[in-house]
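1. What shape does this take:
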Amino acid sequence: MPSSIGPFSAFVLAGGMSSRMQQDKALLRFRGHYLIEYAIDVLQQLTPDIRIIGDPLKYEFLKRPVIPDRIASHGPLCGIYTGLSIATNRYNLFLACDMPLMKPEFFRLLLERIGDADAAAMRLIDRKVEPLAAVYSKSGLPKIAENIASQYYKITDFLDRARVTYLGEEELSEIGLSARIFTNVNMPEDLLSLESNS
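-> The predicted structure follows:
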(Lines give C-alpha, C1' and ligand atoms only; values in the text may rest on other atoms or scores of the structure.)
Protein backbone atom coordinates (compact mmCIF):
# COMPACT_ATOMS: atom_id res chain seq x y z
CA MET A 1 0.00 0.00 0.00
CA PRO A 2 1.40 3.43 -0.87
CA SER A 3 2.72 5.23 2.20
CA SER A 4 0.78 8.35 1.18
CA ILE A 5 -2.53 6.60 1.86
CA GLY A 6 -2.09 6.55 5.63
CA PRO A 7 -4.67 4.87 7.87
CA PHE A 8 -8.12 4.12 6.48
CA SER A 9 -11.43 2.78 7.76
CA ALA A 10 -13.87 0.23 6.40
CA PHE A 11 -17.64 -0.06 6.50
CA VAL A 12 -19.98 -2.93 5.70
CA LEU A 13 -23.26 -1.69 4.24
CA ALA A 14 -26.00 -3.80 5.82
CA GLY A 15 -28.87 -1.36 6.18
CA GLY A 16 -30.92 -2.31 3.14
CA MET A 17 -34.45 -3.67 3.23
CA SER A 18 -33.66 -6.78 1.10
CA SER A 19 -37.07 -6.37 -0.51
CA ARG A 20 -36.34 -8.72 -3.41
CA MET A 21 -35.02 -11.42 -1.07
CA GLN A 22 -37.99 -11.07 1.32
CA GLN A 23 -35.62 -11.56 4.27
CA ASP A 24 -32.39 -10.09 5.63
CA LYS A 25 -29.87 -11.22 3.04
CA ALA A 26 -26.93 -10.25 5.25
CA LEU A 27 -27.88 -13.18 7.48
CA LEU A 28 -28.36 -15.74 4.73
CA ARG A 29 -26.01 -18.72 4.85
CA PHE A 30 -23.48 -19.39 2.11
CA ARG A 31 -20.98 -22.23 2.54
CA GLY A 32 -21.73 -22.33 6.24
CA HIS A 33 -21.28 -18.63 6.97
CA TYR A 34 -23.51 -15.56 6.97
CA LEU A 35 -23.12 -13.40 3.86
CA ILE A 36 -22.10 -10.44 6.00
CA GLU A 37 -19.21 -12.45 7.43
CA TYR A 38 -17.61 -12.63 3.98
CA ALA A 39 -17.58 -8.83 3.77
CA ILE A 40 -16.04 -8.58 7.22
CA ASP A 41 -13.41 -11.17 6.32
CA VAL A 42 -12.35 -9.25 3.21
CA LEU A 43 -12.11 -5.94 5.03
CA GLN A 44 -10.27 -7.25 8.07
CA GLN A 45 -7.46 -8.32 5.75
CA LEU A 46 -7.00 -4.63 5.02
CA THR A 47 -7.69 -2.80 8.28
CA PRO A 48 -8.77 -3.57 11.87
CA ASP A 49 -11.02 -0.48 11.80
CA ILE A 50 -14.28 -2.04 10.57
CA ARG A 51 -17.80 -0.90 11.33
CA ILE A 52 -21.18 -2.10 10.15
CA ILE A 53 -23.82 0.36 8.96
CA GLY A 54 -27.13 -1.20 9.93
CA ASP A 55 -29.39 -2.25 12.78
CA PRO A 56 -27.36 -2.72 16.01
CA LEU A 57 -29.85 -5.27 17.33
CA LYS A 58 -29.41 -7.50 14.28
CA TYR A 59 -25.64 -7.46 14.09
CA GLU A 60 -24.34 -7.04 17.64
CA PHE A 61 -23.44 -10.76 17.72
CA LEU A 62 -20.69 -10.07 15.18
CA LYS A 63 -18.71 -8.20 17.85
CA ARG A 64 -18.09 -5.20 15.60
CA PRO A 65 -19.32 -1.63 16.09
CA VAL A 66 -22.72 -1.27 14.42
CA ILE A 67 -23.85 2.22 13.41
CA PRO A 68 -27.47 2.94 12.45
CA ASP A 69 -28.11 5.37 9.59
CA ARG A 70 -27.85 8.95 10.82
CA ILE A 71 -30.75 9.96 8.61
CA ALA A 72 -33.85 8.20 7.29
CA SER A 73 -32.50 5.63 4.88
CA HIS A 74 -33.32 6.01 1.21
CA GLY A 75 -30.77 3.52 -0.02
CA PRO A 76 -27.02 2.91 0.24
CA LEU A 77 -26.02 6.54 -0.38
CA CYS A 78 -27.43 7.28 3.08
CA GLY A 79 -25.25 4.52 4.51
CA ILE A 80 -22.19 5.99 2.82
CA TYR A 81 -23.15 9.39 4.20
CA THR A 82 -23.37 7.89 7.70
CA GLY A 83 -19.98 6.22 7.37
CA LEU A 84 -18.20 9.29 6.07
CA SER A 85 -19.87 11.44 8.73
CA ILE A 86 -18.27 9.45 11.54
CA ALA A 87 -15.02 8.51 9.79
CA THR A 88 -11.83 10.01 11.19
CA ASN A 89 -9.69 8.94 8.22
CA ARG A 90 -9.63 10.49 4.77
CA TYR A 91 -10.09 7.22 2.88
CA ASN A 92 -12.85 4.77 3.63
CA LEU A 93 -13.67 1.38 2.16
CA PHE A 94 -17.33 0.52 1.65
CA LEU A 95 -18.55 -2.98 0.83
CA ALA A 96 -22.11 -4.24 0.52
CA CYS A 97 -22.97 -7.23 2.66
CA ASP A 98 -24.03 -9.37 -0.31
CA MET A 99 -20.81 -9.84 -2.32
CA PRO A 100 -19.30 -13.07 -0.99
CA LEU A 101 -16.77 -13.40 -3.85
CA MET A 102 -15.07 -10.04 -3.24
CA LYS A 103 -11.27 -10.04 -2.79
CA PRO A 104 -9.05 -7.70 -0.73
CA GLU A 105 -6.70 -7.25 -3.70
CA PHE A 106 -9.39 -5.21 -5.45
CA PHE A 107 -9.55 -2.72 -2.58
CA ARG A 108 -5.77 -2.47 -2.48
CA LEU A 109 -5.87 -1.47 -6.14
CA LEU A 110 -8.57 1.14 -5.46
CA LEU A 111 -6.48 2.63 -2.66
CA GLU A 112 -3.45 2.81 -4.94
CA ARG A 113 -5.44 4.68 -7.59
CA ILE A 114 -7.75 7.05 -5.69
CA GLY A 115 -5.26 9.91 -5.32
CA ASP A 116 -7.08 13.20 -4.71
CA ALA A 117 -10.41 11.96 -6.06
CA ASP A 118 -13.63 11.85 -4.04
CA ALA A 119 -14.05 8.16 -4.86
CA ALA A 120 -12.50 5.20 -6.63
CA ALA A 121 -14.78 2.60 -8.17
CA MET A 122 -15.05 -0.05 -10.86
CA ARG A 123 -16.50 0.61 -14.32
CA LEU A 124 -17.24 -2.62 -16.14
CA ILE A 125 -17.02 -3.26 -19.88
CA ASP A 126 -20.77 -2.59 -20.24
CA ARG A 127 -20.16 0.83 -18.61
CA LYS A 128 -22.00 -0.21 -15.47
CA VAL A 129 -20.43 1.26 -12.34
CA GLU A 130 -20.11 -0.79 -9.15
CA PRO A 131 -20.46 1.75 -6.30
CA LEU A 132 -20.97 -0.70 -3.41
CA ALA A 133 -17.43 -2.07 -3.43
CA ALA A 134 -15.55 1.19 -3.59
CA VAL A 135 -13.36 3.68 -1.74
CA TYR A 136 -14.82 7.03 -0.75
CA SER A 137 -12.91 10.04 0.51
CA LYS A 138 -14.25 12.40 3.13
CA SER A 139 -13.77 15.11 0.50
CA GLY A 140 -16.95 13.85 -1.14
CA LEU A 141 -19.11 14.22 1.97
CA PRO A 142 -20.38 17.78 1.20
CA LYS A 143 -21.55 16.68 -2.26
CA ILE A 144 -23.30 13.63 -0.80
CA ALA A 145 -25.01 15.85 1.77
CA GLU A 146 -26.17 18.19 -1.00
CA ASN A 147 -27.58 15.29 -3.02
CA ILE A 148 -29.46 13.91 -0.03
CA ALA A 149 -30.84 17.35 0.83
CA SER A 150 -32.10 17.60 -2.76
CA GLN A 151 -33.53 14.06 -2.55
CA TYR A 152 -31.16 12.65 -5.15
CA TYR A 153 -30.55 9.29 -3.54
CA LYS A 154 -28.88 7.34 -6.33
CA ILE A 155 -25.16 6.84 -5.78
CA THR A 156 -24.62 7.40 -9.49
CA ASP A 157 -26.13 10.90 -9.12
CA PHE A 158 -23.36 11.66 -6.64
CA LEU A 159 -20.65 10.03 -8.77
CA ASP A 160 -21.72 12.14 -11.76
CA ARG A 161 -20.91 15.26 -9.71
CA ALA A 162 -17.82 13.95 -7.96
CA ARG A 163 -14.19 13.50 -8.92
CA VAL A 164 -13.98 9.75 -9.45
CA THR A 165 -11.12 7.46 -10.40
CA TYR A 166 -12.54 4.52 -12.37
CA LEU A 167 -10.84 1.19 -12.83
CA GLY A 168 -11.45 -0.99 -15.87
CA GLU A 169 -11.68 -4.75 -16.26
CA GLU A 170 -8.24 -4.91 -17.84
CA GLU A 171 -6.79 -3.64 -14.56
CA LEU A 172 -8.63 -6.39 -12.72
CA SER A 173 -7.16 -9.03 -14.99
CA GLU A 174 -3.67 -7.66 -14.37
CA ILE A 175 -4.01 -8.67 -10.70
CA GLY A 176 -5.61 -12.02 -11.50
CA LEU A 177 -9.24 -11.07 -10.84
CA SER A 178 -12.40 -10.91 -12.94
CA ALA A 179 -15.77 -9.16 -12.77
CA ARG A 180 -17.09 -12.27 -11.01
CA ILE A 181 -15.97 -10.74 -7.69
CA PHE A 182 -18.87 -8.26 -8.00
CA THR A 183 -21.50 -11.02 -8.03
CA ASN A 184 -24.17 -10.00 -5.55
CA VAL A 185 -27.11 -11.78 -4.02
CA ASN A 186 -30.46 -10.09 -4.66
CA MET A 187 -32.78 -13.01 -5.25
CA PRO A 188 -32.96 -16.50 -3.71
CA GLU A 189 -31.96 -17.95 -7.09
CA ASP A 190 -28.74 -15.88 -7.01
CA LEU A 191 -27.66 -17.76 -3.89
CA LEU A 192 -28.59 -21.10 -5.44
CA SER A 193 -26.56 -20.21 -8.54
CA LEU A 194 -23.53 -19.33 -6.44
CA GLU A 195 -23.81 -22.58 -4.51
CA SER A 196 -24.02 -24.66 -7.69
CA ASN A 197 -21.22 -22.83 -9.54
CA SER A 198 -18.69 -22.63 -6.72
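
2. contacts and neighbour counts: CA atoms only from here.
-> OK.

3. Let me know the pLDDT of residue 23.
-> pLDDT recorded at residue 23 is 66.

4. Likewise for residue 17?
-> pLDDT, residue 17: 56.

5. repeat for residue 161
-> Value for residue 161, per-residue pLDDT: 93.

6. For the closest residue to it other than its chain neighbours, grab the count of nearby residues.
-> Spatial nearest neighbour of residue 161, excluding adjacent residues (Cα to Cα, 6 or more residues apart in numbering): residue 143 at 7.6 Å. The tally of other residues near residue 143 (other Cα atoms under 10 Å) stands at 16.

7. Check which helices and strands the lengthiest strand in the chain sits against.
-> In terms of residue count, the longest strand belonging to the chain (DSSP state E) is strand 129-137. Judged by 3 or more Cα pairs under 8 Å, 6 or more residues apart in numbering; DSSP states H and E, the packing partners of strand 129-137 are helix 76-86, strand 91-96, helix 104-113, strand 119-123, helix 155-161.

8. a markdown table for those, including distance to residue 34 and mean neighbour count?
-> Shown next, in a markdown table, are those (distance: least, Cα to Cα, whole Å; neighbours: other Cα atoms under 10 Å):
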| stretch | distance to residue 34 | mean neighbour count |
| --- | --- | --- |
| helix 76-86 | 20 | 22 |
| strand 91-96 | 13 | 26 |
| helix 104-113 | 18 | 18 |
| strand 119-123 | 25 | 25 |
| helix 155-161 | 26 | 15 |
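
9. end to end, how far does stretch 105-122 reach?
-> 13 Å (Cα to Cα, to the nearest Å).

10. And for stretch 102-120?
-> OK, stretch 102-120 end separation, Cα to Cα: 16 Å.

11. so for it, what's the average pLDDT?
-> Average pLDDT, stretch 102-120: 96.

12. Check the separation of the first and last residues in stretch 38-53.
-> Terminal-residue distance, stretch 38-53 (Cα to Cα): 15 Å.

13. buried residues in that stretch?
-> 38-40, 42-43, 46, 50-53 (16 or more other Cα atoms under 10 Å).

14. Helices - which of those residues land there?
-> Among the buried residues of stretch 38-53, the ones falling in helices (DSSP state H) are 38-40, 42-43.

15. ok, those residues vs residue 57, which is closest?
-> Lowest distance from residue 57 to those (Cα to Cα) belongs to residue 40, with 17.4 Å.

16. Give me the nearest residue to the closest one, chain neighbours excluded.
-> Residue 40 sits nearest to residue 12 (Cα to Cα, 6+ apart), 7.1 Å away.
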